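1. got a structure for you, letters missing:
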């Protein structure tokens, strides 16, 4: 029994406190200064030792097994320059249409809405497009208006006005809801 007590006393005297076991501590004069100035001298620094709490250790994983699918398109340096992904400077770009383009659109239509009765098919159509563009560059819109006024009437609205841009639609974007919401005495409105 005395041996067991002696072993227990010896193990208790050799035991390392938990605050020193797994954390990096200062040594020498700096440890004395830290213990003198600290509120609780037995408190650890909180910085773990490298051999503990490194699971998996730094060299355990083969580098080929790591794959980061989130950064694959953004990390491609070859075909991802900064100016393409810089959204802070993504200013609206001007769209310029000259008279030759307008003459071509009024004469043969656009790709989405071609005038099938005017536009020819195949090589003849390509030659016709080149001729229309050259005529528009040389003579402009005035010559088209003098030659044929029916082309313009098909583009204009029923009252003779040009079509409105998409954001200037005269119909109201919002409608006030009357079935639910706040009564008239409040200054709030509910939109449907």
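-> Yes, it's here. Only a predicted model underlies this, so the values are computations on that prediction, with no experimental measurement involved. Numbers count the residues shown, from 1 in each chain.

2. Read off the pLDDT value for the closest residue to residue 128 other than its chain neighbours.
-> Excluding its sequence neighbours, the residue lying closest to residue 128 (Cβ to Cβ, 6 or more residues apart in numbering) is residue 120, at 5.3 Å. Where C-beta positions appear, they are placed from N, C-alpha and C, glycine not excepted. Listed pLDDT for residue 120 reads 73.

3. now do residue 187
-> The model reports residue 187 with a pLDDT of 78.

4. Same check on residue 147?
-> Per-residue confidence (pLDDT) for residue 147: 80.

5. how many neighbours does it have?
-> 11 (other Cβ atoms under 10 Å).

6. Give me every residue in contact with stretch 108-123, excluding its own residues.
-> Stretch 108-123 has contacts (Cβ atoms under 8 Å, 6 or more residues apart in numbering) with 107, 125, 128, 129, 132.

7. Only the buried residues of the host helix or strand of the fourth one, if you could.
-> I take that to be residue 129. Assessed by DSSP states H and E, residue 129 sits inside helix 123-139. Within helix 123-139, the residues scored as buried using 16 or more other Cβ atoms under 10 Å are 128, 132, 133, 135, 136.

8. I figured residue 47 hits residue 23, correct?
-> Yes. Residue 47 is within contact range of residue 23, at 5.7 Å (criterion: Cβ atoms under 8 Å).

9. Pick out whichever of the two has more residues nearby.
-> Neighbour count, other Cβ under 10 Å: between residue 47 and residue 23, residue 23 has more, with 15 against 10.

10. Is the residue nearest to that one when sequence neighbours are not counted in a helix, a strand, or coil?
-> The shortest distance from residue 23 to any non-neighbouring residue, by Cβ to Cβ, 6+ apart, is to residue 44 (4.1 Å). Using DSSP: H, G, I helix; E, B strand; the rest coil, the structure places residue 44 in coil.

11. any idea how far residue 55 is from residue 32?
-> Applying Cβ to Cβ, to the nearest Å, the value for residue 32 to residue 55 is 34 Å.

12. thinking again about what came up before, so what touches the following helix or strand past the helix holding residue 129?
-> Per DSSP H and E, helix 123-139 leads on to helix 141-147 as the next helix or strand towards the C-terminus. Residues from elsewhere that reach helix 141-147, judged by Cβ under 8 Å, 6+ apart: 99, 102, 103, 106, 107, 135, 136, 151, 152.

13. Point out where this protein drops to low pLDDT.
-> Flagging of the chain using pLDDT under 70 yields the residue ranges 1, 9-21, 51-54, 56-58, 65-76, 116-117, 151, 154, 165-178, 190-192.

14. what's the domain layout of it?
-> Domain assignment for the chain by automatic domain parsing gives 1-60, 99-163.

15. give me the number of residues near the residue nearest to residue 157 when sequence neighbours are not counted?
-> Nearest non-adjacent residue to residue 157, counting by Cβ to Cβ, 6+ apart: residue 163, 6.3 Å away. Neighbour count for residue 163, taken as other Cβ under 10 Å: 9.
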